[in-house]
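In: coords please:
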Amino acid sequence: MREELGDLLFQVVFHARMAEEGKLFDFEAVAQSLVDKMIRRHPHVFEAARIDSAAAQTIAWEEHKAAERKAKSGEGEGDAGRTLAGIPPALPSLLRAQKLQKRAARVGFDWPEIRQVIAKVEEEMQEVGAELAAGAEPERLEAEIGDLLFSVVNLARFAEVDAETALRRSNAKFERRFARVEDLLRARGKRPDQSTLAEMDALWDQVKAEERAGAVATPSD
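Out: The predicted model follows:
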């Protein structure tokens, strides 16, 4: 961590130095802009404002950022003044979906209750099933599955679960369990490609039972 932070700091100093040589700004200005932003976005810490809960602080934080975006771009000036402007397209898709939904929810475009979100997930599942049954083209399936994933991210948001973290942990869990299946097959002198799906599925259930019984140590994921 120390080494990686050093690499990160080097990049900050390096780019600040290039900007200084271009007579744009220097490292001190970079640090000062950070200080100013932290004070501006945390008036309950550095000024007299009062915020009663973490949820209220999150709302206030988003409101401050929205005001900053408007100040930079001008109210309503093209795309820069739009509600969803400024969310980087290069973000991981699950994270970006969650940010898009949170931003839209802030202006009232949101489901009132989580049961409606669950119903939406079920609706999207049915639409995917209908397209599969109809032999839809890959592009159409991609669109429908994308809608399904987007609705699942929305469900995660309502449940106050970070979708990116949830999927990362499920990936790790799948990897761990499949490695255990391979170990069990190896004990039988076999590899996965020498086994039937039924055999591997039975071992998969065995691994899950082992984890539930605590017979196999599992990480916090």
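
In: Please report the distance of A130 from S151.
Out: As judged by C-beta to C-beta, to the nearest Å, A130 and S151 stand 15 Å apart. In short, each C-beta sits where N, CA and C put it, glycine included.

In: next one: M18
Out: M18 is 44 Å from S151, by C-beta to C-beta.

In: Need the three-state assignment for the residue nearest the centre of the chain.
Out: Central residue of the chain (C-alpha atoms, centre = their mean): L95, 2.5 Å from the mean position. Assigned state for L95: helix (three-state reduction, DSSP: H, G, I helix; E, B strand; the rest coil).

In: Isn't it up against T165?
Out: No. Taking C-beta atoms under 8 Å as the definition, L95 is not a contact partner of T165, at 9.5 Å.

In: next SSE after the host helix or strand of R186?
Out: Assigned by DSSP states H and E, R186 belongs to helix 163-187. Scanning forward in sequence from helix 163-187 by DSSP H and E, the next helix or strand is helix 197-213.

In: Remind me what that next one packs against, helices and strands.
Out: Counting contacts by 3 or more C-beta pairs under 8 Å, 6 or more residues apart in numbering; DSSP states H and E, helix 197-213 packs against helix 163-187.

In: show me where the chain has helices.
Out: 2-21, 27-41, 43-46, 54-73, 93-106, 114-133, 138-158, 163-187, 197-213 (DSSP state H).

In: Between A130 and S151, which has more neighbouring residues?
Out: S151 (21 against 11; other C-beta atoms under 10 Å).

In: my guess is that one meets V117, correct?
Out: Yes. S151 is in contact with V117 according to C-beta under 8 Å; the separation is 7.2 Å.

In: about what we covered before: any chance of the helices of the chain in TSV, plus distance to I87?
Out: Listed next are the helices of the chain as TSV, based on distance: least, C-beta to C-beta, whole Å:
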stretch	distance to I87
helix 2-21	23
helix 27-41	18
helix 43-46	24
helix 54-73	10
helix 93-106	5
helix 114-133	21
helix 138-158	14
helix 163-187	14
helix 197-213	37
